[in-house]
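1. Let's see this in three dimensions:
(one chain, ligands or ions: 1)
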Amino acid sequence: MAEKEKSYIDLGERGKYSFKNKLNNLTGKEWIKFSKSWFIHRPPRRKNDEVLHPAKYPETLVEGFISFFTKEGEWVFDPFLGTGSTLIAAGNLKRNAVGIEITDHYHKIALTRVKKEKYSTRISALYGSSENVKKVLKKNKLQDIKFDFTVTSPPYWNQLERNSLRQKLRSNKGLATKYSEIADDLGNIKSYDEFIERQAKIFDNVFDATRTGGYLVIVTNNVYNKSKLYPLAFDTAVSLTKRGEKSWVLKDEKIWLQDDKPLIALGVNSAWVSNRHHQYCLIFRKEAV
Ligand SMILES: C[S@@+](CC[C@H](N)C(=O)[O-])C[C@H]1O[C@@H](n2cnc3c(N)ncnc32)[C@H](O)[C@@H]1O
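-> Next comes the predicted model:
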């Protein structure tokens, strides 16, 4: 008797991959593991030109999200590309990817990093402002792409301008403590409310370039400024859900616990100042209305 056709393939240690899986190439076991609402990630040490950027995120971290929210051959986007970590992660996983970066210097680092790898998929590091996503894509003849997934980390408002210990250490080593002097660089916006609005407008652009059903992950955090906490992560989450017909649906947050950071003495014997060792990965989806 002919064996009943199987609805899955057994991948041994990895678990079983169901042919009904609509979202990714993961087995059920891998899917469940990733669905936990927090994770500890200890990235490998940054090398060479990667330390030149003041706020790079690790490729290994982005790979987790790309593996969960896309299948091989799908399209990934990053509107705040920096040194190109999202493109490297996407290329490593055989996804196509596009990123936009406003600072010439970081854009060039991203280009060089991508060129070195010789990926089999299409990987494009574009120069420009994500306040004009459509225009930048059109200039590079990529306007017809509908992205399956966006993963990105915008500037954390003006956080880099603060004279924190970390910034002092960087400037002592002659490393950049802010992204650029460019007016359209979101990291140079003085007003918190203006930052929230212009950031949301960029994600309106991302909304337009995303297929219905596609996901968005934003890595961000709440930030201190002049002894006060600004709920940047929470306001980011809320602001994107109130954009009329371009509203994203907030699905969840995943908390990145950074238990590899050393504790420093902040406010001891005086007042509450935390050692903020976590970041928020906010998960949104473009859903049919
Ligand atoms: C937190 S960093 C992203 C780092 C990146 N994930 C990486 O791993 O290198 C934010 C980046 O957004 C860029 N940026 C700021 N405003 C922008 C805009 N309007 N359009 C495009 N990029 C912008 C900054 O120059 C900076 O490199």
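
2. any residue of stretch 232-241 up close to the ligand?
-> No. Using C-beta under 6 Å from any ligand atom, stretch 232-241 stays clear of the ligand, coming no nearer than 12.3 Å. Backbone N, C-alpha and C define where each C-beta goes, glycine included.

3. Please could you give me each C-alpha atom of that stretch, formatted as PDB?
-> Provided in PDB are the C-alpha atoms of stretch 232-241 (Å, rounded to 0.1, in the frame of the first residue of the first chain):
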ATOM      1  CA  LEU A 232      10.400  56.400  23.600                       C
ATOM      2  CA  ALA A 233       9.800  52.700  23.100                       C
ATOM      3  CA  PHE A 234       6.200  53.000  24.400                       C
ATOM      4  CA  ASP A 235       5.500  56.100  22.400                       C
ATOM      5  CA  THR A 236       7.000  54.500  19.300                       C
ATOM      6  CA  ALA A 237       4.600  51.500  19.800                       C
ATOM      7  CA  VAL A 238       1.600  53.700  20.200                       C
ATOM      8  CA  SER A 239       2.400  56.300  17.600                       C
ATOM      9  CA  LEU A 240       2.500  53.800  14.700                       C
ATOM     10  CA  THR A 241      -0.900  52.400  15.600                       C
END
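
4. Rounded mean pLDDT for it, please.
-> Mean pLDDT, computed over stretch 232-241, is 98.

5. Show residues contacting it.
-> Here stretch 232-241 makes contact (C-beta atoms under 8 Å, 6 or more residues apart in numbering) with 156-157, 192, 196-197, 199-200, 203, 218, 220-223, 247-250, 253, 279-280, 282, 284.

6. Check the gap between Val206 and Phe69 for me.
-> As judged by C-beta to C-beta, to the nearest Å, Val206 and Phe69 stand 14 Å apart.

7. which residues does the residue of the stretch 51-200 of the chain found nearest the ligand contact?
-> Using C-beta to the nearest ligand atom, the single residue of the stretch 51-200 of the chain nearest to the ligand is Gly82, 2.4 Å away. Shown in contact with Gly82 (C-beta under 8 Å, 6+ apart): 53, 55-56, 101, 106, 110, 153.

8. Low-confidence regions, the stretch 151-289 of the chain specifically.
-> 162-167, 170 (pLDDT under 70).

9. which among the contacts of stretch 232-241 end up buried?
-> With neighbours counted by 16 or more other C-beta atoms under 10 Å, the contacts of stretch 232-241 contain buried members at 156-157, 192, 196, 199-200, 203, 218, 220-223, 247-248, 250, 253, 279-280, 282, 284.

10. Stretch 111-121 - what's its average pLDDT?
-> 95.

11. which residues touch that stretch?
-> Stretch 111-121 has contacts (C-beta under 8 Å, 6+ apart) with 49, 73, 83-84, 87-88, 90-92, 94-97, 123, 125.

12. related to what we said a few turns ago, can you tell me which of the buried ones among the contacts of stretch 232-241 end up in strands?
-> Applying DSSP state E to these, the entries found in strands are 218, 220, 223, 250, 253, 279-280, 282, 284.

13. just those residues now: which is nearest Asn25?
-> For these, the closest approach to Asn25 (C-beta to C-beta) belongs to Phe284, at 21.9 Å.

14. My guess is the closest one contacts Ser247. True?
-> No. The criterion here is C-beta atoms under 8 Å, and Phe284 misses it with Ser247 at 9.4 Å.

15. Could you report the neighbour count for the nearest residue to Leu81 once chain neighbours are set aside?
-> Excluding the flanking residues, the one nearest Leu81 by C-beta to C-beta, 6 or more residues apart in numbering is Gly99, at 3.3 Å. Using other C-beta atoms under 10 Å, Gly99 is surrounded by 27 other residues.
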